[in-house]
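> Quick one, fold the following:
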Amino acid sequence: MSSNVRRYIVPILAVLGVSVRLWFVLAANPHEHTFHSGGSDAPAYVTLATNLLAHRGYSYAGQPSAFRPPGYPVLVAAAMWVSPEHYISLIRAIQFVLGLLAVWICSRVALKLFGNQAARASLLIGLLLPTMIFSTAQILTECVATLLTALFLWFLVEQDAVAGAGSAAALGIIGGIESLFRFNASAVPVLAVFLVVMNPQKKRAVLRASFILLIPILILMPWLVRNKIVFGRFLLSTQVGANLVQGVISPDGRTQSGDSEKIGPTMGYRVSQLERESLRPLLPSELELNEQARRVVPGLWKDLGWRAVPLLAQKVLTFWLSLDQVLSTRAFSLNERVVRFSGVGCYWVALGLAIVGWFSLRRTRPVIAYWFLAYATILTILHLPLVMNTRLRIPLVEPLLVILAGIGWVRLFDRSALKKSIALAGGTESSESEILTGAAAVEPS
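Next up, the predicted model:
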């Protein structure tokens, strides 16, 4: 792409991306919790926030809850306190800003890894990628968690470059905070320690690893102590049992016709009953319900037998290819399904660019590249027993995908920028030739 064309196309596309995001926020009904979404989780967050403001504790109908992480309900409660009549619009405005900030951070990470053109490409891809836009207008956790993941990747790259205690502490702080918004994010700090292990020659490795692991525990400690008080046990979540059951019966988490009739009798309760104020008093404590659900899980997998193999393959494909947005949308209108199909198509293009970008990054920053691969692989494996869908992937994977897709764009369409990126990484003339032709890997100097 010539410099003259780039001079105009980049700002035009950037303005378009911001405008689409702004429209997505303004077009949403200010009295509805979601936009272009079924939004099954949004009422639960609102109920928890309402009960917090009413001094009924973190509970459903006065019954203590640890089914959902507390971070987002606290945010919703704060918005309700500031603007009781317009809290939905306030949250969307906040998430609009957070979404733009997440994309900008992804572009800065791409800049550190591969230069200016990769940063510009990542910025545009992040602004226009439907899965990054979707969460902006929802009263759901994805937007906040996506920003936290982007920040985590920022400090991870900084940790690889400098190996300082400051970036290690930042990784611990961000990992702890994100765990309060998404329970599955609690694995991310553990994965960050792999980066320290991959660079054992750098100083104070034990100290840095300790910061990354122990700071999240300190941040989570008030939540864990609270659960010890109300449930008699230190625990992070009471959602595991229900998630494990749904991971077999409704593996993509998008309950289709007949799934509810199976899940309820299997667990002995439904999640909708647990989170409905009028029905919650009829059920025992969440701790008992969680254990009740966990007990039936081994039998479910045993009954599957060899069918577990295609089920697991389906879950991985759903997670990485957003098949839930293609195959599990029968309840939506034709127009809504077309919108979702189009969004998935755009995501597939970005995923393809990200794969190309990873191979280029492997030749210039192999440690970071292999950590990214380990991160994606281990997250996938950890989710295999659980529900796997697009919404679970977005906050943990999309920032990484945006960064790599920007690098992939440079690799495929901007050879002059690619040569500059190779030089930035310490490559030689021969290494430039190898990367441009996709030949043998090159170690940075």
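
> How many residues are close by S89?
16 (other C-beta atoms under 10 Å). (C-beta placed from N, C-alpha, C; glycine too.)

> Which is the succeeding secondary structure element to the helix or strand that it is a member of?
Under the criterion of DSSP states H and E, S89 resides in helix 87-114. Downstream of helix 87-114, the next assigned helix or strand under DSSP H and E is helix 116-128.

> Next secondary structure element downstream of the longest helix anywhere in the chain?
Looking across the chain with DSSP state H, the single longest helix is helix 334-364. Per DSSP H and E, the first helix or strand lying C-terminal to helix 334-364 is helix 366-383.

> what does the average pLDDT come to for that next one?
Mean pLDDT, helix 366-383: 95.

> Just the element for the spatially most central residue of the chain, please.
Closest residue to the average C-alpha location of the chain: P395 at 1.5 Å, with C-alpha atoms, centre = their mean. Using DSSP H and E, P395 falls within helix 390-413.

> Can you check what angle separates that helix from helix 334-364?
With axes from the mean of the first three to the mean of the last three C-alpha atoms, to 10 degrees applied, the angle from helix 390-413 to helix 334-364 works out at 50 degrees.

> Convert helix 390-413 to PDB, retaining C-alpha atoms only.
Output of helix 390-413 as PDB, limited to C-alpha atoms (Å, rounded to 0.1, in the frame of the first residue of the first chain):
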ATOM      1  CA  THR A 390     -17.600 -17.000  21.600                       C
ATOM      2  CA  ARG A 391     -18.400 -14.900  24.700                       C
ATOM      3  CA  LEU A 392     -16.000 -16.900  26.800                       C
ATOM      4  CA  ARG A 393     -13.200 -16.500  24.200                       C
ATOM      5  CA  ILE A 394     -13.600 -12.700  23.500                       C
ATOM      6  CA  PRO A 395     -12.100 -11.200  26.700                       C
ATOM      7  CA  LEU A 396      -9.200 -13.700  27.000                       C
ATOM      8  CA  VAL A 397      -8.200 -14.100  23.300                       C
ATOM      9  CA  GLU A 398      -9.400 -11.200  21.200                       C
ATOM     10  CA  PRO A 399      -6.700  -8.800  22.300                       C
ATOM     11  CA  LEU A 400      -4.100 -11.300  21.400                       C
ATOM     12  CA  LEU A 401      -5.800 -12.000  18.100                       C
ATOM     13  CA  VAL A 402      -5.900  -8.200  17.200                       C
ATOM     14  CA  ILE A 403      -2.200  -7.900  18.000                       C
ATOM     15  CA  LEU A 404      -1.200 -10.800  15.900                       C
ATOM     16  CA  ALA A 405      -3.600  -9.900  13.000                       C
ATOM     17  CA  GLY A 406      -1.800  -6.500  12.700                       C
ATOM     18  CA  ILE A 407       1.500  -8.300  12.400                       C
ATOM     19  CA  GLY A 408      -0.100 -10.700   9.800                       C
ATOM     20  CA  TRP A 409      -1.300  -7.800   7.800                       C
ATOM     21  CA  VAL A 410       2.200  -6.400   7.500                       C
ATOM     22  CA  ARG A 411       3.600  -9.800   6.600                       C
ATOM     23  CA  LEU A 412       1.100 -10.300   3.800                       C
ATOM     24  CA  PHE A 413       0.600  -6.800   2.400                       C
END
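
> could you say what helices and strands that helix packs with?
When contacts are defined as 3 or more C-beta pairs under 8 Å, 6 or more residues apart in numbering; DSSP states H and E, helix 390-413 sits against helix 87-114, helix 116-128, helix 130-134, helix 142-162, helix 308-321, helix 334-364, helix 366-383, helix 415-424.

> Quick check: which of these is nearest to L236?
With C-beta to C-beta as the criterion, L236 lies closest to helix 366-383 of the helices and strands packed on helix 390-413, at 13.8 Å.

> R68 is in contact with Q239, correct?
Yes. Q239 is within contact range of R68, at 7.0 Å (criterion: C-beta atoms under 8 Å).

> And the longest helix of the chain, what's buried?
Across helix 334-364, burial judged by 16 or more other C-beta atoms under 10 Å covers 339-340, 343-344, 347, 350-351, 353-354, 356-364.

> Tell me what angle it forms with helix 308-321.
Using the same axes, to 10 degrees: helix 334-364 against helix 308-321 is 90 degrees.

> ok now helix 334-364, how far from the chain's centre?
Per C-alpha atoms, centre = their mean, to the nearest Å, the displacement of helix 334-364 from the mean C-alpha position of its chain is 15 Å.

> now swap in stretch 264-278 and tell me
Taking C-alpha atoms, centre = their mean, one finds the center of stretch 264-278 at 26 Å from the center of the full chain.

> cool, and stretch 37-46?
17 Å.

> In that stretch, which residues are buried?
Buried-residue list, stretch 37-46, by 16+ other C-beta under 10 Å: S37, D41, A42, A44, Y45, V46.

> One more: stretch 223-241?
Buried-residue list, stretch 223-241, by 16+ other C-beta under 10 Å: W223, N227, V230, F231, L235, L236, S237, T238, Q239, V240, G241.

> hmm, back to that, quick one: contacts for the residue lying closest to the residue nearest to the centre of the chain once chain neighbours are set aside?
Residue nearest to P395 in three dimensions, not counting chain neighbours: A145, with 3.4 Å by C-beta to C-beta, 6 or more residues apart in numbering. Neighbouring residues of A145 by C-beta atoms under 8 Å, 6 or more residues apart in numbering: E178, F181, R182, A185, P395, L396.

> Most neighbours among the residues you listed, which one is it?
E178 (30 neighbours).

> For L90, see how far away C346 is.
29 Å (C-beta to C-beta, to the nearest Å).

> just curious, which of the contacts of A145 is nearest to L129?
P395 (13.4 Å).

> That closest one and F181, how far apart?
8 Å.

> Now list whatever residues contact both of those two.
T141, A145, L148.

> Return the member of these nearest to L287.
Nearest member of the shared contacts of P395 and F181 to L287, counting by C-beta to C-beta, is T141, at 22.9 Å.

> picking that back up, and the helices and strands packed on helix 390-413 as CSV, adding distance to L400?
Listed next are the helices and strands packed on helix 390-413 as CSV, based on distance: least, C-beta to C-beta, whole Å:
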stretch, distance to L400
helix 87-114, 8
helix 116-128, 11
helix 130-134, 12
helix 142-162, 6
helix 308-321, 12
helix 334-364, 8
helix 366-383, 6
helix 415-424, 18
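
> and those helices, which one's lowest on average pLDDT?
Across the helices and strands packed on helix 390-413, the lowest-scoring stretch is helix 415-424, with a mean of 64.

> okay, the helices and strands packed on helix 390-413, which one's buried deepest?
Between these, helix 116-128 has the highest mean count of neighbours, a mean of 25, where neighbours are mean count of other C-beta atoms under 10 Å.

> Good, wrapping up.
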